[in-house]
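Chemist: Pasting the sequence and the predicted coordinates here, then a few questions.
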Amino acid sequence: MRVAVAGATGNIGARTAAVLERDGHEVVRISRSRGVDLITGDGLDVALQGVAAVIDTISSPPISPEETRDYFGATTTNLLAAEARAGVGHHVLLSIVGINRIDGGTAHYVGKREQERLIEAGPVPWTIVPATQFHDFAGLASSWTECEGVATIAPLLIQPIAPDDIAAVLAEVATGAPQGRHVDVAGPETQDLVDMARRTNTVLGRDVKLVPTWSGPLDLSLAGNVLLPGPGARIAPTTFEQWLAAGAS
């Protein structure tokens, strides 16, 4: 099967492409470095020739909520239009557990909600795969605010998933029939983000003092069970402890 992966040079996109190729599928890697620009649409029609399914794993640069919404809006609109012209039969989006149930969150969440809206109203049969945060999320979150060895971080409850596990799910979903909204996909255990960040930084040899607070990028709109998987979730096998033991990569 010929499958295109948008964001194929990123963390999840690269892993997903590798899983597909391991399983014998032909992968088209969509990225600017390969001559395909999702913002302008340049190169998309050629890239999608003969493609049966597209997996969208793109992320956005660190910009404002409005700019992030516009970025994801432009890339998703261009991608869906090119898919329709090429006769692609399945659009798979990697999204985030819980964001469809709230209005808040980070700029990234604003953009992902726009993607979901466009895909649900779009011309291509689709599957949205809501995943929990990845195992490396805590380390990234602490790095956002780190200054002179001190970082603020929200005391979130999350149920993190290994990047390799979600890549395997995306590859499986893309090679099957469109499902609409897939059940939430999560790792096996609930974790506290502050504790995760502390343990990640230790493994990576970073000396960072963590200050728990809701006043940073992750605010009170994400408190409680907002980011935890709902009933009937699909649980991936790799624990956070296993990921740390493997070197946090």
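Modeler: Nice, thanks for sending it over. Residues are numbered from 1 along each chain as shown.

Chemist: What's the mean pLDDT across stretch 182-200?
Modeler: In this model, stretch 182-200 has a mean pLDDT of 96.

Chemist: So which bits of it are buried?
Modeler: 182, 184-188, 191, 193-194, 196-200 (16 or more other C-beta atoms under 10 Å). In this view, the C-beta of every residue, glycine as well, is placed from N, C-alpha and C.

Chemist: quick one: the helices in the protein?
Modeler: 11-22, 44-47, 65-86, 107-121, 137-145, 163-174, 193-203, 240-245 (DSSP state H).

Chemist: Residues contacting the longest one, please?
Modeler: Think helix 65-86. Contact with helix 65-86 is made by 6, 38-41, 44-45, 48-51, 54, 56, 58, 60-61, 63, 91, 107-108, 110-112, 114-115, 118-119, 122-124, as judged by C-beta atoms under 8 Å, 6 or more residues apart in numbering.

Chemist: List the buried residues of that helix.
Modeler: Neighbour counts over helix 65-86 (16+ other C-beta under 10 Å) mark 68-72, 75-83, 86 as buried.

Chemist: can you check the second one too?
Modeler: By neighbour count on 16+ other C-beta under 10 Å, the buried set for helix 44-47 is 44, 47.

Chemist: doesn't residue 201 make contact with residue 208?
Modeler: Yes: taking C-beta atoms under 8 Å as the definition, residue 208 is a contact partner of residue 201 at 5.0 Å.

Chemist: list residues touching both of the two?
Modeler: residue 142.

Chemist: centre of the chain versus stretch 157-168, how much separation?
Modeler: Mean C-alpha position of stretch 157-168 versus that of the full chain (C-alpha atoms, centre = their mean, to the nearest Å) differs by 10 Å.

Chemist: Tell me which helix or strand in the chain has the weakest average pLDDT.
Modeler: When each helix and strand of the chain is scored by mean pLDDT, DSSP states H and E, helix 137-145 comes last, with a mean of 90.

Chemist: got the contact list for that helix?
Modeler: In contact with helix 137-145 (C-beta under 8 Å, 6+ apart) are residues 151-154, 158, 160, 191, 193-194, 196-197, 199-201, 204, 206, 208, 210, 216-218, 248.

Chemist: who touches residue 1 in this structure?
Modeler: Neighbours of residue 1 in contact, by C-beta under 8 Å, 6+ apart: 25, 26, 52, 53, 175.

Chemist: if you set the cut-off to 7 Å instead, what comes out?
Modeler: Residue 1 makes contacts with 25, 52, 175, as judged by C-beta atoms under 7 Å, 6 or more residues apart in numbering.

Chemist: Please pick out the residue of the chain most distant from its centre.
Modeler: residue 148 (29.5 Å; C-alpha atoms, centre = their mean).

Chemist: Can you verify my assumption that residue 162 contacts residue 241?
Modeler: No: at 11.1 Å, residue 162 does not count as touching residue 241 under the criterion of C-beta atoms under 7 Å.

Chemist: what about the two, which has more around it?
Modeler: residue 162 (22 against 12; other C-beta atoms under 10 Å).

Chemist: pLDDT wise, what is that one at?
Modeler: At residue 162, pLDDT is 95.

Chemist: And for residue 51?
Modeler: The per-residue pLDDT of residue 51 was computed as 98.

Chemist: Isn't it up against residue 4?
Modeler: Yes: taking contacts as C-beta under 7 Å, residue 51 lies within contact range of residue 4: 4.7 Å.

Chemist: list residues touching both of these two?
Modeler: residue 28.

Chemist: thinking again about what came up before, filter the contacts of helix 65-86 down to the buried ones, PyMOL style.
Modeler: One line in PyMOL is enough to select the buried members of the contacts of helix 65-86, burial here meaning 16+ other C-beta under 10 Å:
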select buried, resi 6+38+41+44+48+51+54+56+58+60+91+107+108+110+111+112+114+115+118+119+122+124
